[in-house]
Every structure is written in C-alpha cells, then in structure tokens.
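**Student:** sequence unavailable; structure follows:
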C-alpha cells in the first residue's frame with residue numbers, strides 16, 4: 001500500500017499519541033510562563049490597578065447572552081458560534097457543516113449591542129469563522145468644565161469589530177484557533193482603526209468531560225487616532241488634529257471546566273476562569289450551566305474583583321427542534337449596583 005492510499009483516519013490515530021505528548025508539554029510551558037508573568041497579579045490581591053491606560057474599551061464587553069449569564073467564565077466552555085469572541089479553538093466542537101449565531105442587548109447609558117457569528121466546517125477537523133460585533137452609544141450631549149450642562153452640540157460614539165478565524169482539531173483532545181480582526185472606534189469626527197489578533201487553545205482531559213483552555217485576545221500594536229476635533233474654549237474654537245497613540249486592552253484568559261453530573265436527562269457544567277487584563281485589575285469568574293433533557297438550560301455566574309459589583313448573572317436557554325434543525329434561544333440578566341441592569345437575547349441556529 002502506498003502512502004497516498006493510507007486512510008486519513010488511520011494516519012490521524014497514529015499522530016494522536018505524538019501530538020498528545022507534545023500538547024502536555026506545551027500546556028505545561030504556557031502555564032509556567034503565565035505564572036511568571038502573573039505572579040504579582042494572582043488572587044486574592046487582584047493585582048495593581050492600571051485603569052485608564054488603554055483605549056478601545058468596547059473590546060472587553062461580552063457580546064452574547066450565554067457567556068454573560070455565566071459571569072464570563074466561558075473560555076473553557078466555548079463550543080458553538082459564540083466561541084469566536086472567547087476562544088476560537090472552541091468552534092471545532094460543532095459537528096455540523098455550519099452554525100449561525102445572532103444576538104442583541106442593551107448596555108449602559110442607553111447603548112445597544114449587536115452580534116453576528118458564523119462558523120463553517122470546510123474539511124475534517126478544519127473550521128473557518130466570521131464574527132461581527134457592534135456597539136452603538138447613540139447621540140451624546142457635549143459638555144466642558146465650563147459648560148457642564150451642555151454646549152448645545154451633540155456627538156456620537158460607534159464601535160465595530162470584524163474578525164476572521166481559522167481553527168483546527170489536531171487530535172481528539174487538542175484544538176487551536178487563530179483570528180485576525182479589524183477594530184474600529186469612532187468618537188465625533190475622530191476615528192481609530194487597529195488590526196488585532198486572537199489565539200486560543202483547548203485541551204480535553206477526557207475525565208468527566210474536563211477541559212482546559214487558554215486564550216489571548218486583542219494582541220496588537222499601539223495606533224494613532226485620525227480626524228479633526230473641534231474644542232470650545234474661552235478664546236474661541238480650536239481645531240486639533242494631533243493625537244497620542246493608544247494601546248488596546250489585551251486579555252489573557254486561563255480557564256477550566258468539567259461536568260460533575262452527566263447522566264440521562266441531566267448535565268451540569270461548572271467552570272472557573274482567571275482573567276488578566278493589561279489595563280485593569282485581575283479578576284476571577286465562576287459559572288454554571290445546567291441542561292435538562294437537552295431542552296431547557298439554566299445558567300448563572302459571577303466575576304470576582306470587578307470594578308463594579310452587583311448580583312450574580314442569571315440566564316436560561318431553550319432548544320427548539322425544527323425540521324430545518326435546532327434553534328437555541330438564550331437570555332441573560334446582569335446587574336451592576338450603580339449602573340443598573342443589562343439584558344441580552346441570542347439565537348444560535350444549527351442545521352439538521
């Protein structure tokens with residue numbers, strides 16, 4: 001038998017022990033390096049505050065209802081179209097040819113969140129993904145230190161992220177994913193554009209569906225905003241076109257999840273996640289997801305160490321089986337003590 005005639009599955013089985021051994025070394029190395037970098041940031045101190053040292057803060061806002069209900073403890077759970085934001089290595093969990101995700105929600109100060117995601121399985125173990133997230137903050141009143149009630153002028157703030165992802169399952173236990181994305185932020189007549197990259201890994205341990213995941217989001221260079229800003233002063237209007245370079249809020253996430261209950265009609269998933277921000281305190285998230293008869297889903301979670309506290313996140317999901325496939329409806333409720341309540345709704349469609 002020639003090499004060309006050897007079945008792909010046979011070659012894959014031969015390669016699995018080879019990759020599995022090296023993945024264990026790779027995961028250990030990543031954990032060791034991360035520990036060296038984060039040794040001054042590990043809980044319970046939550047590190048030193050670096051608030052206000054980066055721009056494009058919209059990149060840290062959860063776009064989907066499922067992860068928001070679990071308090072953001074999602075990097076190791078991510079296994080559908082919504083995984084593109086969290087850990088694009090998780091899209092290999094989809095067994096269908098494609099999957100589509102849609103979401104909308106409200107954010108603070110009357111702003112709106114919109115989310116679209118699409119994953120496509122090209123070949124065995126190879127996946128492509130498209131992600132589009134946008135936030136519209138609407139019209140705002142312009143104020144100054146001398147006119148705190150408003151100058152009579154308004155401005156708008158809009159944010160957009162478009163990303164293309166590629167993920168591959170190297171073995172039955174290990175997968176990786178990379179994403180290139182364009183981030184846009186427009187404030188009045190000043191715009192900021194940046195090219196960013198995400199990298200994710202996911203390793204299935206094989207015991208009680210335990211999985212370990214690492215994701216690095218928003219890796220990119222500092223960029224300089226462009227445009228012209230009209231500033232009102234006592235001496236009159238001044239036009240400014242020179243702006244300082246701004247960095248992006250890169251995020252390192254380390255998470256683990258497992259299913260302590262997985263019998264018959266009941267599946268319970270527990271997850272924990274460490275979030276390391278380059279521009280803020282370190283936080284820790286815990287989340288839970290309970291599924292009954294593959295029909296009803298209940299979720300909850302909480303992020304410890306966040307700047308603004310509140311109630312734990314709550315949410316539910318409902319799988320609606322149709323002739324054309326499965327449509328999952330997701331809803332999440334999040335509360336912040338001083339900022340108010342947030343509501344998100346999402347749909348994930350999986351063809352039959």
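**Tutor:** Here it is on my side, so go on. Just so we're clear, the structure is a prediction, and the values are computed from it rather than from any experiment. Residues are numbered from 1 along each chain as shown.
**Student:** what residues are up against residue 288?
**Tutor:** Residues in contact with residue 288, defined by CB atoms under 8 Å, 6 or more residues apart in numbering, are 70, 268, 269, 270, 271, 299, 300, 301. Quick note: C-beta positions are derived from backbone N, CA and C, even for glycine.
**Student:** can you tell me the element it falls in?
**Tutor:** Using DSSP states H and E, the element containing residue 288 is strand 283-292.
**Student:** buried residues in that strand?
**Tutor:** Judged by neighbour count using 16 or more other CB atoms under 10 Å, the buried positions of strand 283-292 are 283, 284, 285, 286, 287, 288, 289, 290, 291.
**Student:** so residue 121 touches residue 93, yeah?
**Tutor:** No. Taking contacts as CB atoms under 8 Å, residue 121 lies outside contact range of residue 93: 10.9 Å.
**Student:** going along the chain, name the helices of the chain.
**Tutor:** Under the criterion DSSP state H, the chain contains helices at 8-38, 65-69, 83-86.
**Student:** least reliable of those helices by average pLDDT, please.
**Tutor:** Ranked by mean pLDDT, these bottom out at helix 8-38, which scores a mean of 47.
**Student:** neighbours of residue 169, just the number please.
**Tutor:** Residues lying near residue 169 (other CB atoms under 10 Å) number 20.
**Student:** do you know how far it is from residue 124?
**Tutor:** In this structure, residue 169 and residue 124 are 8 Å apart, going by CB to CB, to the nearest Å.
**Student:** can you check residue 162 too?
**Tutor:** Counting by CB to CB, the gap from residue 162 to residue 124 is 28 Å.
**Student:** for the buried residues of strand 283-292, could you give me JSON lines that also reports distance to residue 339?
**Tutor:** Output for those, formatted as JSON lines (distance: CB to CB, whole Å):
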{"residue": "283", "distance to residue 339": "17"}
{"residue": "284", "distance to residue 339": "21"}
{"residue": "285", "distance to residue 339": "18"}
{"residue": "286", "distance to residue 339": "21"}
{"residue": "287", "distance to residue 339": "21"}
{"residue": "288", "distance to residue 339": "24"}
{"residue": "289", "distance to residue 339": "25"}
{"residue": "290", "distance to residue 339": "28"}
{"residue": "291", "distance to residue 339": "31"}
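**Student:** and these as CSV, adding distance to residue 189 and pLDDT?
**Tutor:** Shown next, in CSV, are the buried residues of strand 283-292 (distance: CB to CB, whole Å; pLDDT from 0 to 100):
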residue, distance to residue 189, pLDDT
283, 35, 94
284, 40, 96
285, 37, 97
286, 43, 97
287, 41, 98
288, 46, 98
289, 44, 98
290, 49, 98
291, 48, 97
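**Student:** of residue 162 and residue 124, which one has the most company?
**Tutor:** The residue with more neighbours, out of residue 162 and residue 124, is residue 162; 15 against 9, by other CB under 10 Å.
**Student:** show me what contacts that one?
**Tutor:** 131, 132, 181, 182.
**Student:** nearest to residue 60 among those residues?
**Tutor:** Distance from residue 60 was checked for each of these by CB to CB. The minimum falls on residue 181, at 14.0 Å.
**Student:** wait, what's in contact with that closest one?
**Tutor:** 131, 161, 162, 163, 164, 195, 196, 197, 198.
**Student:** try 7 Å this time
**Tutor:** 161, 162, 163, 196, 198 (CB atoms under 7 Å, 6 or more residues apart in numbering).
**Student:** do residue 206 as well
**Tutor:** Going by CB under 7 Å, 6+ apart, the list of residues near residue 206 reads residue 173.
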